[in-house]
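Novice: got a sequence here, can you build the structure:
(2 chains, ligands or ions: 2)
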Amino acid sequence: MRKCDLCGLNEAVYTDLSSGISICADCLMKSVRRRAWRVLREELIPGDRVMVAHSGGKDSSLALLLTKEFADSHPEMKLSLLSVTVDEGTFYRRASVELAKRLASELGVRHRTYAMEEIHGLSIEELDFKLPANWKRSPCTYCGVLRRQALNAIAREIGATVVVTGHNLDDLVQTAAMNLSRGDINALVKTLRHERKIGEGLIPRIRPLKMVYEREVATLVVAKGIPAHLGKCPFTQGMRIGIRREIDDLEDEIPGSKVKALQTFSLISNGLHADVQLRRCRICGEPTTTEVCKACQFKRELSSLLNRDLVHPLNLERVRRDRDVVWG
Amino acid sequence: MRGTIKVFLAGREVELPWNTLVGELYRMLDVSRWSTLLLVNGRPRADDSYLSEGDVVTWLRITYHESPRERSGEDR
Ligand SMILES: [Zn+2]
Ligand SMILES: [Zn+2]
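Specialist: Residues are numbered from 1 along each chain as shown, chains lettered A, B, ... in the order given. Ligands and ions are numbered 1, 2, ... in the order given. Next up, the predicted model:
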């Protein structure tokens, strides 16, 4: 058995190519926890009501687990935790919603599921069924925009002060590289800089796994048996495959380059001035940079296709009713 | 000492040199370590651990994630 280079006790499950050492699941967990807690320590403030955007996938499940551990070990911070799943209404999501519920319950964290259909008036399954084969956008494009808007609206209406997401190092480096290659400074700054005061109904986001490789997350979830969905969403499109491959190849040649890249992008973005004027969407009232938000633009496009009017404010009634009970 | 071992790769029995490391399988299978996690008998293993006779190797796609923000304003 190949033993862990750090503790010398357990079987090694992960090789860190930049240091050349192989470690066991316990030592990997310690290392990941240290990185995640550093982010949480820097970005959470005492009394925060933390909503974890918990899809039931591997990343957000690990983010929930580490945030819960952090809250339990820092009682002086008086953090309240809530796990929320947006059910897009796909076959794929059904399994992960169940896993999200199970993990939340095992951790003793309150959990709520809100359906995309209830909030936006349409499900992604319906879209997949009704979108013509040659349609200009994939269900994935609509899903991303509608889900993100729903999560922010839920967080705001349920009274969360901050949202924790499962985005990992790979996600962020890819996004930053894409922002950079498009010359989109505003997006770069917003991707990397944590700001507490955003305004206009936008709830700040924290990404505890931002210094954790996706591969580390997957290894931990499997090795530790953390309830999480590991499947691939059938709707995921290959839009960022090219840039991902370049970054992965670079990491193979120069181990540690993803970490260095994210640190450099973050330093650059700290010196930049983002010129974004947030306002409320004329139709739904959600935060946006344009007169009509992207979600409403998409829903307008879909209304004719689905033969009903989808362009209206989000239905957040059940969320508002939950506000008084979920924080215990 | 034997020169080769037999392992099961995605359900197929293959013969490999006795000193094959888990990490070498990524190249053999032509999969990226950043999008795929190899499991030996259902468990992750360090790249520098040796395969043994009768090991069952499977793999898992690990890259599924939405982006935090594809473009400024797109999710707003
Ligand atoms: Zn160890
Ligand atoms: Zn709108």
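Novice: enumerate the residues of chain B near ligand 2.
Specialist: Not one residue of chain B sits near ligand 2, judged by CB under 5 Å from the ion. Quick note: C-beta positions are derived from backbone N, CA and C, even for glycine.
Novice: contacts for stretch A:260-273?
Specialist: Stretch A:260-273 is contacted by residues A:169, A:172-173, A:176-177, A:180, A:185, A:188-189, A:191-193, A:210-211, A:247 when judged by CB atoms under 8 Å, 6 or more residues apart in numbering or on different chains.
Novice: near ligand 2, which residues of chain A are found?
Specialist: Checking chain A against ligand 2 by CB under 5 Å from the ion, the hits are A:Cys281, A:Ile283, A:Cys284, A:Cys293, A:Cys296.
Novice: is any part of the helix or strand containing the last one close to chain B?
Specialist: Same thing as A:Cys296. Element membership for A:Cys296 (DSSP states H and E) is helix A:294-306. Yes - for helix A:294-306 and chain B, the contact criterion (CB under 8 Å from any CB of the partner chain) is met by A:Lys294, A:Ala295.
Novice: chain center to that helix: distance?
Specialist: Taking CA atoms, centre = their mean, to the nearest Å, the mean C-alpha location of helix A:294-306 is offset from the chain mean by 24 Å.
Novice: same check, this time on stretch A:5-12
Specialist: 32 Å.
Novice: now do it, average pLDDT.
Specialist: Stretch A:5-12 shows a mean pLDDT of 98.
Novice: tell me where chain A has helices.
Specialist: A:25-43, A:58-73, A:91-107, A:116-120, A:124-130, A:139-158, A:169-182, A:185-192, A:214-224, A:241-253, A:257-270, A:294-306, A:317-326 (DSSP state H).
Novice: kindly report which one of those carries the lowest mean pLDDT.
Specialist: Lowest mean pLDDT of the helices of chain A: helix A:185-192, a mean of 85.
Novice: now it - C-alpha only, CSV.
Specialist: Listed next in CSV are the C-alpha coordinates belonging to helix A:185-192 (Å, rounded to 0.1, in the frame of the first residue of the first chain):
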residue,chain,number,x,y,z
ILE,A,185,-12.6,44.2,-17.0
ASN,A,186,-15.9,44.6,-15.1
ALA,A,187,-16.6,40.9,-15.2
LEU,A,188,-13.0,40.1,-14.1
VAL,A,189,-13.3,42.4,-11.1
LYS,A,190,-16.7,41.0,-10.1
THR,A,191,-15.5,37.4,-10.5
LEU,A,192,-12.5,37.9,-8.2
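Novice: three-state assignment of the residue nearest to the spatial centre of chain B?
Specialist: Closest residue to the average C-alpha location of chain B: B:Leu38 at 2.3 Å, with CA atoms, centre = their mean. State at B:Leu38, reduced to three classes by DSSP: H, G, I helix; E, B strand; the rest coil: strand.
Novice: one step back: pick out the most distant pair among the residues of chain A next to ligand 2.
Specialist: A:Ile283 and A:Cys293 (7.5 Å; CB to CB).
Novice: what's the pLDDT at residue 47?
Specialist: Answering for chain A, as no chain was given. 97.
Novice: please refer instead to chain B.
Specialist: 96.
Novice: hmm, back to that, how about the residues of chain A next to ligand 2 in CSV, adding neighbour count?
Specialist: Putting those into CSV (neighbours: other CB atoms under 10 Å in any protein chain shown) gives the following:
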residue, neighbour count
A:Cys281, 23
A:Ile283, 18
A:Cys284, 20
A:Cys293, 26
A:Cys296, 23
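Novice: A:Leu40: which of those is nearest?
Specialist: A:Cys293 (29.8 Å).
Novice: what are the neighbouring residues in contact with the closest residue in space to A:Cys293 that isn't next to it in sequence?
Specialist: Among residues not flanking A:Cys293 along the chain, A:Cys281 sits closest, at 3.9 Å (CB to CB, 6 or more residues apart in numbering or on different chains). Contact partners of A:Cys281, counting by CB under 8 Å, 6+ apart, are A:Pro287, A:Thr288, A:Thr290, A:Glu291, A:Val292, A:Cys293, A:Ala295, A:Cys296.
Novice: what ranges do the strands span in chain B?
Specialist: B:4-9, B:12-17, B:36-40, B:43-44, B:56-61 (DSSP state E).
Novice: which other residues reach the last one?
Specialist: Right, the one you point to is strand B:56-61. Contacts with strand B:56-61, where a contact means CB under 8 Å, 6+ apart, come from A:218, A:222, A:230, A:232, B:7-10, B:25, B:29, B:31, B:35-42, B:51.
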